[in-house]
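> build me a model from this:
(2 chains, ligands or ions: 1)
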Amino acid sequence: MDPITVIRSRTVVMPSTNIDTDQIIPARFLTTTVREGLGVSLFADWRYDKNGQPKPDFVLNQPAARGCQVLVAGRNIGCGSSREHAPWALLDFGIRVVISTEIADIFRNNSLKNGLLPVVVDEATHEWLLAHPGAEVEVDLPASVLRLPDGREVTFPIESFSRYCLMNGIDELGYLLSRMDAIERYERAREGA
Amino acid sequence: MTAQSLFEKVWQRHVVVPETADTPAILYIDLHLTHEVTSPQAFDVLRARKLQVRRLDRTLATMDHSTPTDTAQIFGGLPIKLESAARQVRQLEVNCAEFGVDLIGLQDSRRGIVHVIGPEQGATQPGKTIVCGDSHTSTHGAFGALAFGIGTTEVGYVLATQCLLQRRPRTFEIVVNGRLPAGVSAKDVVLAVIGRIGVNGGTGHVIEFRGSAIEAMSMDERMTVCNMSIEAGARAGMVAPDATTYHYLKGRPFAPTGADWDKAVADWNTLRSDAGATFDKSVSLDAGTLEPMITFGTNPGMVTTIGGNVPERPGDAVFAKSLAYMGLTAGERMADKPVQVVFIGSCTNARISDLEAAAAILRGRKVAKGVRALIVPGSQQIKLEAEQRGLAKVFTDAGAEWRESGCSMCLGMNGDLVDSGQYCISTSNRNFEGRQGIGARTLLASPASAAAAAVRGRVTDPREFLG
Ligand code: SF4
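Prediction:
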């Protein structure tokens, strides 16, 4: 997992509300047994036509989307299936930050565990972002602040533990394994072994 | 002691290390169900870090999502047609063999959709924490378990440590009082709930379903309700265990026996919300006013009564886009809309009582000309029971297809697909764009409503077949 500190990027904007994980990565791509290579299938049903050709009017197919690391989505992104293939596909495409007014629980969890930063912002900030696609923003994880081009600073909530893991590119497994003594004690107490 | 909710009681029992401002709680997991789609990368992590599965006795694997429902491919010696699905199934077999995980394999008579077989085998029990790499793990909450879906990385954590890091979710009570009118089912209740609170109404919360209408429900019905909690964005749904729960569980393979059973029941009886327990949110519905429901859009919150019309939301571009995908217009009646496909199946509605509800309407009738009806039992056990009780014959006599169990047409990854532009009335849980196949248009409804539509070839109020 690549550590995140400060990300400066133009935004790519997808104003659809309730973007579910079936849209982010349709089920037929879930038969993979690895994590890599899902970027080409990201938003496949919105991105390609019947013959598999990129639809020129879809935002991720436009030249301006190239290199963007920040995705601004309409209200409430990530509902539905728990497939971790959704953050894997976004990351494989090059997205490191997803911004919305609400982010569904499982998708948020999955994102945090893979180095994709979920950023929840207030309505006014969200509206501004939707209205200004391609805006150059700065996402400052150590400060938990989103900086807009006009200098505004918007604080976003992030659990300190997750922030620590993201900034250091480490996962939670190491932490859990380091508490094995407590886990064993708990098991003994409950199972009476 | 302060009054506690059911959720709080189950949560508290499983805290290994309490949460602090800086770190989430370490939560112990009693039962980990796993399947072929969301586990391969987790086993790879174990291999890479040279870890074992910590508690084989708390881990159970099966295959359901990508498996075909065609008998020849399961029992007839034909290979699984979809090459990538075959590879995934093989990978699970290899992983389970290598790590020693109990696998309910392709030809096992106990196989089925993971959320159907957990309860069916009696592995799902009150007061347990249950996780699975699948969002509809919420189903198991019907037994008073705290059950929720996790991603693949967390599947790896649970395999390795039997624990997860969790912040305590908030609580939400949904009270459904009164009696459901005839022809109105548990599916209609939960669709009405989602219509009311929205697809993100439950985000960050664990829902407890309470009230006389919930208490009157069978386990099959409670499972349908809890199953779709996630469609309201909730972490989990729960129902307090009671005599109905114990009656269902008693004698099942994993259920306790003898003195252990009595001890378990005494303990389970303590698992209900205390009088005076508080919830962060509360909503109530009157069961007596509910009607058969159907979705018209591309998320389960876009729902109306079968007798109702597609709502009008002038100026809402997202709503308009969704209707355009569905080929519906604002203000249009839902009743009499022609359907081309009927799917009765999925972890929401493929248990025996669901099949009975469908058979009650299909008995002695025919599937309308030009309609494809696919009926897929939730497990091989249910399949067997439906065959023994003559339900399967009712379906095949009516001209419906009767399949081996699995997720089937609930999601387009196993070969059972709806064609682009077709309307499918489906007893599953998601009407997202493309969920049942590219361009497929899903109308979510109850088994009775799906069966009624199969007979008429168009959206029909199942109450027309009553009496
Ligand atoms: S039946 Fe559908 S919702 Fe249920 S586990 Fe299978 S794919 Fe998921």
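> how about the residues of the stretch 151-300 of chain B by chain A?
Contact residues, the stretch 151-300 of chain B versus chain A (C-beta under 8 Å from any C-beta of the partner chain): B:151-154, B:156-157, B:160-163, B:165, B:167, B:169, B:199-200, B:203-204, B:233, B:235, B:299. For glycine as for every other residue, the C-beta is placed from the backbone atoms N, C-alpha and C.
> with adjacent residues omitted, what lies nearest to residue 15?
Picked chain A for this. Spatial nearest neighbour of A:P15, chain neighbours left out: A:G74 (4.6 Å); criterion: C-beta to C-beta, 6 or more residues apart in numbering or on different chains.
> nope, chain B please
B:A25 (5.3 Å).
> go on, B:S353?
Here the residue nearest B:S353, using C-beta to C-beta, 6+ apart, is B:D220, at 4.3 Å.
> mind checking how far that neighbour is from B:A386?
Note on B:D220: its distance to B:A386, by C-beta to C-beta, to the nearest Å, is 13 Å.
> any buried residues in the longest helix anywhere in chain A, and which?
Counting residues, the longest helix found in chain A (DSSP state H) is helix A:180-191. With burial defined by 16 or more other C-beta atoms under 10 Å in any protein chain shown, the residues of helix A:180-191 counted as buried are A:I183, A:Y186, A:E187.
> let me see the mean pLDDT of it.
Per-residue pLDDT values over helix A:180-191 give a mean of 96.
> put together JSON lines for the buried residues of helix A:180-191, with distance to the ligand on each row.
Shown next, in JSON lines, are the buried residues of helix A:180-191 (distance: C-beta to the nearest ligand atom, whole Å):
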{"residue": "A:I183", "distance to the ligand": "29"}
{"residue": "A:Y186", "distance to the ligand": "30"}
{"residue": "A:E187", "distance to the ligand": "29"}
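> of those residues, which are in range of chain B?
A:I183, A:Y186, A:E187.
> and of the residues you listed, the nearest to chain B?
Among these, A:Y186 lies closest to chain B (C-beta to the nearest C-beta), at 4.4 Å.
> for the closest one, what are its contacts?
A:Y186 makes contact with B:V16, B:Y28 under the criterion C-beta atoms under 8 Å, 6 or more residues apart in numbering or on different chains.
> are any of the residues of the stretch 151-300 of chain B next to chain A buried, and which?
Buried among those by 16+ other C-beta under 10 Å: B:151-154, B:156-157, B:160-163, B:165, B:169, B:199-200, B:203-204, B:233, B:235, B:299.
> before we move on, back to that, ramachandran coordinates for the residue nearest to B:V15?
phi -70, psi 150 (degrees, to the nearest 10).
> still on that earlier bit, ok, now how distant is the residue nearest to B:S353 from A:I170?
In terms of C-beta to C-beta, B:D220 sits 44 Å off from A:I170.
> the more surrounded of these two?
Taking neighbours as other C-beta atoms under 10 Å in any protein chain shown, B:D220 and A:I170 compare with B:D220 leading, 21 against 13.
> in three-state terms, label the more buried one for me.
Taken by DSSP: H, G, I helix; E, B strand; the rest coil, the conformation at B:D220 corresponds to helix.
> does it touch B:D354 like I think?
Yes - counting by C-beta atoms under 8 Å, B:D354 is a contact partner of B:D220 at 6.8 Å.
> for chain B, what lies in contact range of the ligand?
Within reach of the ligand by C-beta under 6 Å from any ligand atom, chain B has these residues: B:64-65, B:113, B:115, B:134, B:136, B:346-347, B:407, B:410-411, B:428-429.
> which neighbours do B:D220 and B:A386 have in common?
B:I352.
> what about the closest residue to B:Q12 other than its chain neighbours, which helix or strand?
Nearest residue to B:Q12, sequence neighbours excluded (C-beta to C-beta, 6+ apart): B:Q4, at 7.5 Å. B:Q4 is part of no helix or strand, with elements assigned from DSSP states H and E.
> likewise the one 4 residues further on?
B:E8 belongs to helix B:6-13 when assigned by DSSP H and E.
> repeat for B:Q91
helix B:83-99.
> what about that helix, distance to the chain center?
24 Å (C-alpha atoms, centre = their mean, to the nearest Å).
> can you check stretch B:42-58 too?
Distance of stretch B:42-58 from its chain centroid, counting by C-alpha atoms, centre = their mean, is 27 Å.
> and chain A, which of the residues of chain B next to the ligand reach it?
Filtering these for proximity to chain A by C-beta under 8 Å from any C-beta leaves B:H65, B:D134, B:L411.
> top of those residues by neighbour count?
Of these, B:D134 is surrounded by the most neighbours, 30 neighbours in total, counting by other C-beta under 10 Å.
> where does pLDDT dip in chain A?
Of all residues in chain A, those with pLDDT under 70 make up the ranges A:193.
> show me chain B divided up by domain.
Chain B breaks down by automatic domain parsing into domains covering B:6-166, B:170-239+B:271-289, B:294-460.
> so for A:R83, which of these sits nearest?
A:R83 lies closest to domain B:6-166 among the domains of chain B, at 6.8 Å (C-beta to C-beta).
> which stretches of the stretch 351-467 of chain B form helices?
Along the stretch 351-467 of chain B, the stretches classed as helices by DSSP state H, counting those that start in this stretch are B:352-362, B:380-388, B:391-398, B:447-456.
> what's the closest non-adjacent residue to A:R163?
A:L141 is the one closest to A:R163 (C-beta to C-beta, 6+ apart), at 6.3 Å.
> name all residues that make contact with the one you found.
A:I4, A:T5, A:V6, A:I7, A:L117, A:I158, A:R163, A:L166, A:M167.
> between those residues, which has the most around it?
The most crowded member of the contacts of A:L141, judged by other C-beta under 10 Å, is A:L166 (25 neighbours).
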